[in-house]
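Asker: Okay, predicted coordinates and the sequence, questions at the end:
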Amino acid sequence: MKITVIGPGAMGLLFGGKLAACADVSLVGSNAANLEKINKEGVTIKRGDDSVTRMVPAYMAGTCTEPVDVVMIFTKAYQILRVQDHLRKAPGGFTSIYSDIKNGRKTEADFICGAVVRAAQDQGLRVPVQETILRLVHAMEER
């Protein structure tokens, strides 16, 4: 599964780094110096005394040319219009979830978003944005 994480700040790096353990992940951002550092040093995730570093390719916005299965967005609200413009120019122009909903098929949202929700619940945490996305996708599937 190919996943693009837009917004390689703290949360984008955390999710991108963790997902890179089991998926083909790329990061997309707009700060060339940060992206260069990520490409050189990788993404390090620390928890307590443990840490893991994964090499996750990072690209400038607008330079990715391959379609992906999932796009995760971790940006500030004021950057959403720029992200929307970037997604319009993306190869294929839409995600597989959109295609499934448009064609009346059940989506892979339970596998993608649901995995994040379940992992958080296992740790006693809540991820209200992911929970909301999952509920919204389920509602669209039922239409």
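Answerer: Perfect, thanks for sending it. Residues are numbered from 1 along each chain as shown.

Asker: Could you chop this structure up by domain?
Answerer: Per automatic domain parsing, the structural domains of the chain span 1-93, 95-143.

Asker: and those as CSV, adding mean neighbour count and mean pLDDT?
Answerer: Every residue, glycine included, has its C-beta placed from N, CA and C. Output for the domains of the chain, formatted as CSV (neighbours: other C-beta atoms under 10 Å; pLDDT from 0 to 100):
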stretch, mean neighbour count, mean pLDDT
domain 1-93, 15, 85
domain 95-143, 14, 81
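
Asker: what's the one helix or strand Arg135 maps to in contact with?
Answerer: Per DSSP states H and E, Arg135 falls inside helix 128-142. Here helix 128-142 makes contact (C-beta atoms under 8 Å, 6 or more residues apart in numbering) with 97, 100-101, 106-107, 109-110, 113-114, 116-117, 120.

Asker: Put together CSV for those, with secondary structure on each row.
Answerer: Shown next, in CSV, are the contacts of helix 128-142 (DSSP: H, G, I helix; E, B strand; the rest coil):
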residue, secondary structure
Ile97, helix
Asp100, helix
Ile101, helix
Lys106, coil
Thr107, coil
Ala109, helix
Asp110, helix
Cys113, helix
Gly114, helix
Val116, helix
Val117, helix
Ala120, helix
